[in-house]
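prediction below, plus the sequence it came from.
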Amino acid sequence: MSGELEITKPLRRITDPSDIPRFAALVAAAFSQDALNRYLFMGRESNPEHPKIQTIEFRAKYWEAIVRPRFEGGAILVESLDWAAIGLWFPPGVEKKPNPASTLSEGVVEYLTFFKALREEKLGTRPHWHLNVIGRDPERTDKGAVTSIFEPFLAAAKASNIPIWLESTNAHAKGIYEYFGFKVVGSTRIGKGIVGSDGWAKEGGEGVESWGMIAGLDGW
């Protein structure tokens, strides 16, 4: 592949494991209002009064347990503008190690199963970048923070003519990804019959809509 990844300011690659708790805490804050993540985190107990929802420490520990093995397995973690935004990318050929299904909630299993099948259907064994996590500090409004998370990876993908895969868990994020050239290739409702579209437990609920998206699928 001809594309070389060049990470420069305002983006910084995270190489020190001691930064992972801060990374995880920012993810927890960024996703605090994300309906799907409420369900994936809380399962059938998802409700706005639950202490695990109200206390960020619980959610930060949850994300740290997810992020740390991905960091150790070769994922690229980056932060922008002194922690205004963060991203976790899997380079071509690097995959997240699967957790035993018995340790995952039913919502996470449903989510992973659907998007794994969709990604394999659309990309097969084709090399690709995977934007696994992106988040912005909800208390920061720095311009360019999110753009800088994308720019070097888009440049590397275009130079090598390989696609980028991601999953969008809400309509607002989907619109941002479309701005950067991503197109929807499939969608589903996670937690149908268990939670409503707001991610709170609701018998017979419609579930939370999520989308698989790809940029550069047909070439750049």
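Okay, I see it. These numbers come from a predicted model, not from an experiment. Residues are numbered from 1 along each chain as shown.

give me the mean pLDDT for the helix or strand hosting Arg22.
Taking DSSP states H and E as the definition, one finds Arg22 inside helix 20-30. Here the mean pLDDT over helix 20-30 is 97, rounded to a whole number.

mind listing what's buried along that helix?
Burial within helix 20-30, assessed by neighbour count using 16 or more other CB atoms under 10 Å, is assigned to Ile20, Phe23, Ala24, Ala25, Leu26, Val27, Ala28, Ala29, Ala30. To be clear about C-beta, it is placed using only N, CA and C from the backbone, and glycine gets the same treatment.

I figured the last one hits Arg136, correct?
Okay, so that is Ala30. Yes: taking contacts as CB atoms under 8 Å, Ala30 lies within contact range of Arg136: 5.6 Å.

what's the closest of the buried residues of helix 20-30 to Tyr111?
Proximity of the buried residues of helix 20-30 to Tyr111 was ranked by CB to CB; the top entry is Val27 with 16.0 Å.

pretty sure the closest one is touching Tyr62, no?
No: Val27 is beyond contact range of Tyr62, at 9.3 Å (criterion: CB under 8 Å).

name the helix or strand of this protein that has the lowest mean pLDDT.
helix 51-54 (a mean of 81; mean pLDDT, DSSP states H and E).

what's next to that one, contact-wise?
Arg38, Phe41, Met42, Ser46, Asn47, Phe58, Arg59 (CB atoms under 8 Å, 6 or more residues apart in numbering).

list the contacts for Leu217?
Taking CB under 8 Å, 6+ apart, we find Leu217 in contact with Lys122, Leu123, Pro163, Lys183, Val185.

and it, what's its pLDDT?
For Leu217, the model assigns a pLDDT of 97.

same deal with Ala101?
For Ala101, the pLDDT comes out at 69.

which outside residues touch the helix holding Arg22?
Here helix 20-30 makes contact (CB under 8 Å, 6+ apart) with 14, 56, 59-64, 66-68, 71, 77, 79, 83, 86, 88, 133, 135-139.

report the buried members of the residues you listed.
For these, a neighbour count by 16+ other CB under 10 Å gives the buried set as 14, 59-60, 62-64, 66-67, 71, 77, 79, 83, 86, 88, 133, 135-137.

against which helices or strands is the following helix or strand past the helix holding Arg22 packed?
With elements assigned by DSSP H and E, the helix or strand that comes after helix 20-30 is helix 35-42. Under the contact criterion of 3 or more CB pairs under 8 Å, 6 or more residues apart in numbering; DSSP states H and E, helix 35-42 touches helix 51-54, helix 106-123, strand 183-190, strand 208-215.
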